[in-house]
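Trainee: Pasting the sequence and the predicted coordinates here, then a few questions.
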Amino acid sequence: MTPIPTPNIFAPVSTPAFAIREVSFFVLAITAVIFLIVGGFAVYTLIRFGRRPANPELEPAQVYGSTQIELAWTVVPFLIVVVLFLVTARYVWGIERRAQPPGALEITVVGNQWWWEVRYPKLGIVTANEIHVPVSDPTNPTPTFITVKSVDVAHSFWVPQLAGKMDAIPNKTNRVWIEPHRAGTYVGQCAEYCGLQHALMLLVVVVHPKDEFRAWVAAQQTSPVEQAATRAGHDLFASLACINCHRVSGTPGNGVFGPDLTHLMSRSTLGAGAARNTPENLRAWVKDPGAFKTGALMPAMKLDDTQLDQLVAYLVTLR
């Protein structure tokens, strides 16, 4: 299995993330200089005056009304704040005000407790917890513009190596864009406390070479092939409450409250990072989601072993 990079704002691979790193280095440099100056004065004072013999009758020289000192500690910090504000505002404006070019990929990401719905409106694709995008060639940029929403509480979309944080607020639409220059898998997370399982709201972005991305799109646009060997599981899925919350293309399942399961086994995790997506973990998840993710809104289905085997045998064909 290919190792997944640790999220790191100092290892950007996307245009807005590079800009964020630049302004971060600038702010760190200024604050480092301030720290060295203040720390240097503190060390000098301790060394120069720290060993004087104690004499309670001797009072140090008192300084009152020094115009130079008052100007120094007022004007200098003010100028530093102004510079930081102007530089940061320039970068924020440059990132957030970029116009969407005609060839950009459009995605809508919707935060739920506690998973991400991912829609590709122009491609007719709906998936969950994983975003797939093409790599952007600097000679022919193909950025991805993402509309961020929420259906319940406040969430925050954040993939550190690709872009900055963007809040997902109920009844409000926000926008963020990425332009990755290197193929790979990049990890993100909900960055706004959103309830009991906030920590298990993983977001994975897979950046493909363009030909590979086209192949992924074609696969996602294809309905699963029904297999005679898993007919019992298919019928069981259609007869249970599963279809009230989940959608599977080509079946009666057309729910919108849970993740779209049409290509369930093409994803790397279950429950937005609660477990690796394997047949064994899938069986355990269907049996009792709360064992993986306390407070998960999906109920335990109360199936016997035979029904579990039939249902999971069907679900693992959804690739």
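Mentor: Yes, it's here.
Trainee: now the helices for the protein?
Mentor: Secondary structure of the chain (DSSP state H): helices located at 15-49, 67-96, 210-220, 231-239, 242-245, 279-287, 305-315.
Trainee: Which other helices and strands does the third one contact?
Mentor: So that's helix 210-220. Helix 210-220 is packed against strand 125-128, strand 130-134, with contacts defined by 3 or more Cβ pairs under 8 Å, 6 or more residues apart in numbering; DSSP states H and E. For the C-beta atoms, the positions are set from N, CA and C on the backbone; glycine is no exception.
Trainee: Now tabulate those strands in a markdown table and tack on distance to L79 and mean neighbour count.
Mentor: Listed next are the helices and strands packed on helix 210-220 as a markdown table, based on distance: least, Cβ to Cβ, whole Å; neighbours: other Cβ atoms under 10 Å:
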| stretch | distance to L79 | mean neighbour count |
| --- | --- | --- |
| strand 125-128 | 49 | 20 |
| strand 130-134 | 42 | 22 |
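Trainee: Which one, of the helices of the chain, ends up nearest to R175?
Mentor: helix 67-96 (7.9 Å; Cβ to Cβ).
Trainee: got the angle for that closest one vs helix 15-49?
Mentor: For helix 67-96 against helix 15-49, the angle by axes from the mean of the first three to the mean of the last three Cα atoms, to 10 degrees is 160 degrees.
Trainee: Give the buried residues for helix 67-96.
Mentor: Y91, I95 (16 or more other Cβ atoms under 10 Å).
Trainee: Run the chain-centre distance for it.
Mentor: Distance, stretch centre to chain centre, for helix 67-96: 31 Å (Cα atoms, centre = their mean, to the nearest Å).
Trainee: Against which helices or strands is it packed?
Mentor: Using 3+ Cβ pairs under 8 Å, 6+ apart, helix 67-96 sits against helix 15-49.
Trainee: So which bits of the helix it packs on are buried?
Mentor: T15, P16, A17, A19, I20, R21, V23.
Trainee: Equivalent analysis for stretch 114-125, please.
Mentor: Buried, per 16+ other Cβ under 10 Å, within stretch 114-125: W114, W115, W116, E117, V118, R119, Y120, I125.
Trainee: if we look at that stretch, which residues are touching it?
Mentor: 105-110, 126-131, 190, 194-198, 200-201, 203, 217, 220-221, 259-260, 271-272, 293, 296 (Cβ atoms under 8 Å, 6 or more residues apart in numbering).
Trainee: If we use 7 Å, what do you get?
Mentor: With contacts defined as Cβ atoms under 7 Å, 6 or more residues apart in numbering, stretch 114-125 is touched by 106-110, 126-131, 194-195, 197-198, 200-201, 203, 217, 220-221, 259, 272.
Trainee: That stretch: how far from the chain's middle?
Mentor: That offset, for stretch 114-125, works out to 15 Å (Cα atoms, centre = their mean).
Trainee: Then stretch 157-175?
Mentor: 8 Å.
Trainee: before we move on, the earlier item: including mean pLDDT and distance to N174, could the helices and strands packed on helix 210-220 go into CSV?
Mentor: As requested, the helices and strands packed on helix 210-220 are exported to CSV (pLDDT from 0 to 100; distance: least, Cβ to Cβ, whole Å):
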stretch, mean pLDDT, distance to N174
strand 125-128, 95, 20
strand 130-134, 97, 16
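Trainee: Can you tell me which of those is nearest to P101?
Mentor: strand 130-134 (13.7 Å).
Trainee: quick one: the residue in the chain sticking out farthest from the centre from V83, how far?
Mentor: In terms of distance from the mean C-alpha position of the chain, E57 ranks first, at 62.9 Å (Cα atoms, centre = their mean). Using Cβ to Cβ, to the nearest Å, E57 is found at 47 Å from V83.
Trainee: got it, and F25?
Mentor: 14 Å.
Trainee: re earlier: in the buried residues of stretch 114-125, which has the lowest confidence score?
Mentor: The member of the buried residues of stretch 114-125 with the lowest pLDDT is W114, at 90.
Trainee: List phi and psi for that one.
Mentor: phi -130, psi 80 (degrees, to the nearest 10).
Trainee: For stretch 167-184, list every residue counted as buried.
Mentor: Those would be D167, A168, I169, N174, V176, W177, I178, E179, P180, H181, A183, for stretch 167-184 by 16+ other Cβ under 10 Å.
Trainee: Now the first one. Nearest residue, chain neighbours left out?
Mentor: Spatially, and ignoring its direct neighbours in sequence, D167 is nearest to S156 (5.0 Å; Cβ to Cβ, 6 or more residues apart in numbering).
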